[in-house]
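# predicted model and sequence below, questions to follow.
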Amino acid sequence: KKTISPAGVKRPDEISRSASKSSLGQSGGGGTNVRVVLRVRPMNAKEQAMLLETTYDSKGNKIRESCTDFNPDDKTAIAVWTPIEKMESGKDIYEKHVYNFDYVFECATVQKSVYEVAAQPIIEGILEGFNGSILAYGQTSSGKTFTMQGDLDSEELRGIIPRMVDGIFDRIGMSSESIEFTVKAAMIEIYNEKIRDLLDPSKNNLSVHEDKQKGIFVEGLTEKSIGSQKDVYELMKEGNSNRAVGVTNMNAQSSRSHSIFLMTVIMNDLENFSCKTGKLYLVDLAGSEMISKTGATGQTLEEAKNINKSLTMLGRVINCLTDGKSQFVPYRDSKLTRILQESLGGNSKTCLIITASPSMFNAVETLSTCRFGMRAKSIKNNAKVNKQLTVAELKCIVTRLEKEMEVKGGRVMQLEQMIISLGGVIPSDDINFKASPEKEVSTTDESQESIEENGDKKTNATDVPKEPIKPFSENLEEKKEEEKKQEIKKEEEKKQEPTIVKMAGDQVDQQKSKQMVSDLEKQKEEQGKNVDALIDQLKQERKKLKIKDGKLILLKQQLTESLVEIERYQRENNALIKNAVELKIQTQG
């Protein structure tokens, strides 16, 4: 297997694969629910011994061997039986409670199956830039640590954390060569409401902060760069050796703290220079304890109080997220809920694994665990891709926008030439042109978007002529009046001009006709020279300045208003040419 260096290295694309869709779903407007699965462990030696010693209760009723029943046809349902304290004669001594989760694992389920159903779908999300969280919750000695970590040296008994690490590195090995990966890992515990760095025990009271870019983070946390799976296993062994554990009547290796394993995967695309970051939170919560069963005393008792307190705060947060009427979620009431803020109701794809015991001795705790899972199942998260714009990516965006501006600048010059050729006047940049909202929206969507992105940081138009310019609407009014006068004058000339009729004996004034044709040709030639001179002058001026997008909006609006004028000029020009041709034919005849 290939390894990656701490600084990040390109991964060869040696294996083709098709990315499977995550069963946790994509983020949307309504968010996605937290996924909840239940794992019931087998009975331990102590529970089996208790079952052999006690077959009937004090009233002579036969005791059930297990408090759980599984449905072989429905892998999402489970029935929990609890004893009834006040029983009426002739009634059952147990009460049945049925729950449905996303999946229910029976006692004989192997570690690999739990990983494939509960954890594997989150890996794809991590490598797409999403945050992912897996939490293990349950009473003490219900199998949380075994589910999350297992035996690191056994291929069969390895838990979710080492298997997820292998899955992430396997997918890194199958990724494109253009992607550069950097992987970091950290490990902390929350012991007696204090955050301890398990990779640096001297840091025993860290604080939690929030940042717009980083989100929720632990300040001063030791993060180690990872190059291979082996590095992660060594890191986990180091962290576990520093974790607080104790002995109780329920568990010889009872976790006395909440353990959190954090893994960060940074992905840099060397082709488009984009950068995405996926964060993975793997949380092994300390189990809730009933003091009468654990027999905790002294320091162990104080630890149990803090554990139960933080779990109570966790339950309160979940209640506020799911009751539909709470206006405030008390994330800050404990260090645990503060760190898990993104995992519960925030930016994360989350799976909660609840673990339970099948023994009737723990029936009440198993029932409480299932109720906790049902509440958590209603939490909605809004996962989103953690993408940051790099310096190289920003430079590419600037270059692309500059090219777009050049294209739009050329289009502006063409529009200005058309307006000038039609007798219009180009307004200066200091004129505050007020366009109608409807026309502005219909003609300037792309330009307005570019302005919003880039602001007015382009170069100013400094070479615009400084002479006073009349508004375009006033120019149109003057032109209309002048055209009316010209039409009246032409009508009078036509009335006074004798009609040319081919009659015998009549002579046509050929000299006058030729002179008219010659004048028309000269006028047309002079107009062409003037237009060419104006175009050349405008080109020279426009080489020195970069046209603003705002001016493009103005010119588009002005061109829209002059479309009617363009058509009228064309009709008149065609009529004038036609008359000239007819006059020339008559003259030649």
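Right, received. Where do you want to start?
# where does the stretch 1-150 of the chain have low pLDDT?
For the stretch 1-150 of the chain, applying pLDDT under 70 flags the ranges 1-30, 53-62, 85-92.
# where exactly do the strands run in the stretch 101-250 of the chain?
Along the stretch 101-250 of the chain, counting by DSSP state E, counting those that start in this stretch, strands occupy 103-105, 132-138, 179-191, 194-197, 208-211, 215-218, 224-226, 245-246.
# tell me which of those sits most buried.
Of all those, strand 132-138 carries the top mean neighbour count, a mean of 26, counting by mean count of other CB atoms under 10 Å. Placement of C-beta: from N, CA and C, glycine included.
# for that strand, name the packing helices and strands.
helix 120-126, helix 144-148, strand 275-284, strand 349-356, helix 363-376 (3 or more CB pairs under 8 Å, 6 or more residues apart in numbering; DSSP states H and E).
# so which of these is nearest Arg64?
Comparing those against Arg64 with CB to CB, the closest turns out to be helix 363-376 (8.7 Å).
# now the closest one: buried residues?
Using 16 or more other CB atoms under 10 Å as the test for burial, helix 363-376 gives 363, 365-370, 372-373, 375-376.
# what angle separates it from strand 132-138?
Angle, helix 363-376 to strand 132-138, by axes from the mean of the first three to the mean of the last three CA atoms, to 10 degrees: 160 degrees.
# partner strands of the helix or strand that helix 363-376 is followed by, parallel or antiparallel?
Downstream of helix 363-376, the next assigned helix or strand under DSSP states H and E is strand 380-381. Note on strand 380-381: by DSSP bridges, its sheet partners are strand 32-33 (antiparallel).
# can you tell me how far Glu271 sits from Ile426?
Per CB to CB, to the nearest Å, Glu271 is found 43 Å from Ile426.
# rewinding a little: want to throw the helices and strands packed on strand 132-138 into CSV with distance to Thr76?
Formatted as CSV, the helices and strands packed on strand 132-138 follow (distance: least, CB to CB, whole Å):
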stretch, distance to Thr76
helix 120-126, 16
helix 144-148, 18
strand 275-284, 23
strand 349-356, 13
helix 363-376, 12
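# of all the ones you listed, which one comes closest to Asn44?
For the helices and strands packed on strand 132-138, the distance to Asn44 is smallest for helix 144-148, at 11.2 Å, taking CB to CB.
# same for that closest one, what does it pack against?
Contacts defined by 3+ CB pairs under 8 Å, 6+ apart place helix 144-148 against strand 132-138, helix 160-173, strand 275-284, strand 349-356.
# using CSV, write out every CA atom in it.
C-alpha atoms of helix 144-148 as CSV (Å, rounded to 0.1, in the frame of the first residue of the first chain):
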residue,chain,number,x,y,z
LYS,A,144,-19.1,1.3,23.3
THR,A,145,-15.3,1.2,23.5
PHE,A,146,-15.3,-2.2,21.9
THR,A,147,-17.5,-0.9,19.0
MET,A,148,-15.4,2.2,18.5
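# picking up where we left off before, more neighbours: Glu271 and Ile426, which one.
Neighbours were counted for Glu271 and for Ile426 using other CB atoms under 10 Å; Ile426 has more, 20 against 9.
# which SS class is that one?
Of the three states, Ile426 takes coil under DSSP: H, G, I helix; E, B strand; the rest coil.
# circling back to that earlier point, can you say which of the helices and strands packed on strand 132-138 is nearest to Tyr191?
Closest to Tyr191 of those is strand 275-284 (CB to CB; 13.0 Å).
# pLDDT wise, what is Lys349 at?
Listed pLDDT for Lys349 reads 94.
# hmm, Arg163 and Tyr233 touching each other?
No - with contact defined as CB atoms under 8 Å, Tyr233 does not reach Arg163; the gap is 11.7 Å.
# pull the number of nearby residues for Lys276.
19.
# state the distance from it to Ile168.
14 Å.
# what do you get for Leu301?
Using CB to CB, we find Leu301 at a distance of 40 Å from Ile168.
# cool, and Val117?
According to CB to CB, Val117 and Ile168 sit 18 Å apart.
# kindly report the same for Lys522.
Relative to Ile168, and taking CB to CB, Lys522 is found at 83 Å.
# likewise for Met263?
7 Å.
# quick check: neighbours shared by these two?
183, 280 (CB atoms under 8 Å, 6 or more residues apart in numbering).
# can I get stretch 128-138 in CSV, CA atoms only?
Taking Å, rounded to 0.1, in the frame of the first residue of the first chain, the C-alpha atoms of stretch 128-138 are listed here in CSV:
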residue,chain,number,x,y,z
GLU,A,128,-16.1,15.3,-0.6
GLY,A,129,-15.4,18.0,2.0
PHE,A,130,-18.2,17.3,4.5
ASN,A,131,-17.9,16.9,8.2
GLY,A,132,-18.7,13.5,9.6
SER,A,133,-19.4,12.3,13.2
ILE,A,134,-19.9,8.9,14.8
LEU,A,135,-21.0,8.8,18.4
ALA,A,136,-21.3,5.7,20.7
TYR,A,137,-23.8,6.1,23.5
GLY,A,138,-25.0,3.6,26.2
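# more neighbours: which of Lys522 and Ile168?
Counting neighbours by other CB under 10 Å for Lys522 and for Ile168 shows that Ile168 has the greater number, 22 against 10.
# that one and Asn362, how far apart?
Per CB to CB, Ile168 is found 35 Å from Asn362.
# do the same with Arg571
Using CB to CB, Arg571 is found at 95 Å from Asn362.
# between those two, which one's more packed in?
Asn362 (24 against 10).
# for that one, which non-adjacent residue is closest in space?
Nearest non-adjacent residue to Asn362, counting by CB to CB, 6 or more residues apart in numbering: Gln139, 6.5 Å away.
# Ser359 is in contact with that neighbour, correct?
No - contact between Gln139 and Ser359 fails when scored by CB under 8 Å: they sit 10.9 Å apart.
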